[in-house]
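Trainee: One predicted model, sequence on top.
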Amino acid sequence: MPADFFLLMKQELIITIIIFILLFLKIGKKEWQNRSLINFINTLLFINFISGFFAARNGVLFGDMFRTNELLIFEKNLLNLGTLILSLQSYHWLKKHKHVPEFYILLLSTLLGMFFMLSSNNLLMFYLALELSTIPLAALANFDLEKPRSSEAAFKMIISSAFSSGLLLFGISLVYGTTGTLNFEELAKTFTLHPLNLFSFILLISGFGFKISAVPFHLWTADVYEGSPVAVTSYLSVISKSAILFVLVSVLYHVFIPLNDTWYNVFFLLSVLTMITGNLFALRQQNMKRFLAFSSIAQVGFILVGITGQSAEGNTSVIYFILIYIFSNLGAFGIINLVSAVTGKETVDDYKGFYKNNKALTWVLAIALFSLAGIPPTAGFFGKFFLLLAGAGKGNYLLITIAALNMVISLYYYLRIIKAMFMDESDNPIEPVKTGFAPGLAMIVCVSGIVITGLASGAYQYIYSLVKEIR
C-alpha cells in the first residue's frame with residue numbers, strides 16, 4: 001500500500017525533501033543572505049525532528065531489505081536531534097561561509113545514508129547505505145577550502161574509508177559465498193563456526209572498527225578531526241559514530257548469534273586497547289580538537305564494555321550512553337566551535353583564564369567535560385555506570401576493573417582543561433564572545449540534556465522497554 005510506504009519511510013523521505021528544497025534554492029535566481037538561509041534550514045531541521053515522533057509504523061519494505069520499528073525510529077530521532085543541535089551551534093561559522101546550501105546538502109545526504117543503514121536488513125543494503133553516509137563526509141572534511149589542513153584531512157579520510165570499505169565488502173562477499181544469503185534473519189540461522197566464516201567476521205569487525213575509531217583502527221581519527229572544520233569534527237565524533245554503533249550492536253546481537261563467545265573475546269581485547277590508547281594520547285594533546293578526538297576514542301572503549309554484556313541491558317546501556325554522549329560531546333564541541341569561529345583559537349593554552357571574560361560559556365564547557373569524565377551528578381556518570389554494570393553481567397571483573405581505572409585516568413585530562421579555564425592566568429585571555437540566539441539555544445539544550453537525562457530514570461527505562469520489544 002502507498003500509505004504504508006510513506007509511513008515506513010517517513011523520516012528518509014522528509015530528509016530527501018529537504019535536500020531537494022536546498023537544491024532548488026541553490027539553482028534559483030533569488031540570492032539568499034546566509035543569515036536568512038541558515039534560519040530557514042534550522043526551521044526545516046526542527047520540523048524534521050518533531051515529525052519523527054508522529055505516525056510511527058513498524059514494518060518491512062523492498063523484499064525485507066528495509067525494516068523499521070520503534071527502537072530504530074528512536075535512534076533516528078536521536079540523530080535528528082544531534083544534527084539540529086550541531087546546525088544551531090555552527091551559526092557563526094556558517095554565516096561567514098560562501099557555500100551554506102552545499103554544506104547542508106552534504107550533511108543531510110550523509111544523514112540519509114545513516115538512516116538507511118539503521119533500517120537495513122541486508123548486508124548489501126547496509127554497505128550501500130554506509131557508502132552514502134561516508135562519501136559526503138570526506139567532502140565536508142575539506143569544507144575549509146582555503147586551508148591545506150582541511151584538504152589533508154579529507155584525503156586521509158578518503159584513504160582510510162576506502163580501505164575499511166574494501167575490508168567490509170570482502171567480508172560481505174565471503175559471507176555470501178559460504179551462506180548463500182545476505183539477509184540478516186537468515187544469516188542468524190545459517191552462520192556457522194566454519195573457518196571461512198570466522199575470517200569474514202574478522203573482516204567485517206575490522207571495517208566497523210575503522211568507522212568507530214576503535215584501536216588499532218584509529219590512526220586516521222586525530223588528523224582528520226584536527227584538519228576538518230569544528231562543525232564537521234563534531235558531526236564525525238557524535239552523529240556518524242553513534243549511527244555506526246547503533247548498527248554494530250544490532251548486527252552483533254541479532255545476526256552473529258552463533259559467534260557470541262568468539263566476538264566477546266574480540267571485543268574484550270578491543271575495549272581494553274581502545275580505552276588505554278585513547279586515554280594515554282589524550283593526556284598530551286594541546287589542540288582542543290585532537291584532545292576531543294582521543295577522548296572520543298576512549299569513550300568508544302567504554303561503549304565496547306557495555307556491548308560485551310550480550311544482553312538487553314547491554315543494548316540499552318549503549319543506546320542510553322549514546323544519548324548522553326550526544327549532549328555532552330556536542331556541548332563541548334559547541335563552545336570550541338563558537339570560540340574558533342569568533343576568535344580562531346583552538347589550543348588548550350588559549351583557554352587559560354577563559355572564565356574571566358566568558359563565565360557562562362566556561363560553565364557550559366565544564367559541565368560537558370564533567371559528564372564526559374563521568375562525574376556525578378551529571379548524566380555521564382550514570383551512562384558509564386550502566387555500561388560497566390552491563391559488562392559485569394558476563395562476570396568478567398577484570399574488564400570492569402580496567403575500565404574503572406581508565407575512568408580515573410580520564411579525570412586528569414578533563415580536569416586539566418577545567419583548571420586552565422578557572423584557575424590558570426593568562427596575559428591575553430579570550431575576549432568576551434557573543435553567543436547569539438542559535439548557539440545559545442543549542443547550549444541550553446545540551447546542558448539541560450546532561451542534567452535531566454542523568455537525574456530522570458525514565459529515559460533508561462523507556463529505552464529498555466523498546467529493546468525488550470524487539471528481542
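Mentor: Noted; the coordinates are in hand.

Trainee: Now do the helices in the stretch 251-400 of the chain.
Mentor: 260-282, 288-307, 312-343, 354-357, 359-373, 379-392, 397-422 (DSSP state H, counting those that start in this stretch).

Trainee: can you list the residues that contact the fifth one?
Mentor: Right, helix 359-373. With CB atoms under 8 Å, 6 or more residues apart in numbering as the test, helix 359-373 has contacts from 295, 299, 324, 327-329, 331-332, 334-336, 338-339, 354-355, 378-381, 407, 410-411, 414-415, 417-418, 421-422, 433, 435, 443, 446-447, 450-451, 454. (Each C-beta comes from the backbone N, C-alpha and C, glycine too.)

Trainee: Just the buried ones among the residues you listed, please.
Mentor: 295, 299, 324, 327-329, 331-332, 334-336, 338-339, 354-355, 378-381, 407, 410, 414, 417-418, 421-422, 433, 435, 443, 446-447, 450-451, 454 (16 or more other CB atoms under 10 Å).

Trainee: Low-confidence regions, this structure specifically.
Mentor: Scanning the chain for pLDDT under 70 picks out 1-3, 29, 457, 471.

Trainee: one step back: nearest to I85, out of the helices of the stretch 251-400 of the chain?
Mentor: helix 312-343 (5.1 Å; CB to CB).

Trainee: re earlier: export the helices of the stretch 251-400 of the chain as a markdown table, with columns for distance to S119.
Mentor: Below are those laid out as a markdown table (distance: least, CB to CB, whole Å):
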| stretch | distance to S119 |
| --- | --- |
| helix 260-282 | 23 |
| helix 288-307 | 20 |
| helix 312-343 | 16 |
| helix 354-357 | 42 |
| helix 359-373 | 30 |
| helix 379-392 | 25 |
| helix 397-422 | 32 |
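
Trainee: The spatially most central residue of the chain: what secondary structure?
Mentor: In the chain, the centroid-proximal residue (CA atoms, centre = their mean) is V238; its distance is 2.7 Å. Here V238 is recorded as helix under DSSP: H, G, I helix; E, B strand; the rest coil.

Trainee: In contact with it, which residues?
Mentor: Counting by CB under 8 Å, 6+ apart, the residues that V238 touches are 82, 86, 325-326, 329-330, 333.

Trainee: of these, closest to E31?
Mentor: Of the contacts of V238, the one sitting nearest to E31 (CB to CB) turns out to be L86, at 25.3 Å.

Trainee: Next, that closest one: secondary structure please.
Mentor: Per three-state DSSP, L86 ends up helix.

Trainee: how far away is it from I326?
Mentor: To I326, L86 is 10 Å away according to CB to CB, to the nearest Å.

Trainee: which neighbours do those two share?
Mentor: Shared contacts of L86 and I326, counting by CB under 8 Å, 6+ apart, come down to 238-239.

Trainee: Wait, a strand at V60?
Mentor: Yes: counting by three-state DSSP, V60 is found in a strand.

Trainee: Can you get me a residue count around the residue nearest to it when sequence neighbours are not counted?
Mentor: The shortest distance from V60 to any non-neighbouring residue, by CB to CB, 6 or more residues apart in numbering, is to R67 (4.7 Å). Other residues lying near R67 total 20 when counted by other CB atoms under 10 Å.

Trainee: Point me to the helix or strand that includes R67.
Mentor: strand 66-68 (DSSP states H and E).

Trainee: for the helices of the stretch 251-400 of the chain, which one sits closest to F46?
Mentor: Of all those, helix 312-343 sits nearest to F46, with 15.9 Å by CB to CB.

Trainee: now the angle between helix 397-422 and the closest one, please.
Mentor: 20 degrees (axes from the mean of the first three to the mean of the last three CA atoms, to 10 degrees).

Trainee: ok now helix 312-343, how far from the chain's centre?
Mentor: 8 Å (CA atoms, centre = their mean, to the nearest Å).

Trainee: ok, the residue nearest to K434 when sequence neighbours are not counted - contacts?
Mentor: For K434, ignoring the flanking residues on the chain, the nearest one in space by CB to CB, 6+ apart is V342 at 7.4 Å. Neighbouring residues of V342 by CB under 8 Å, 6+ apart: 92, 433-434.
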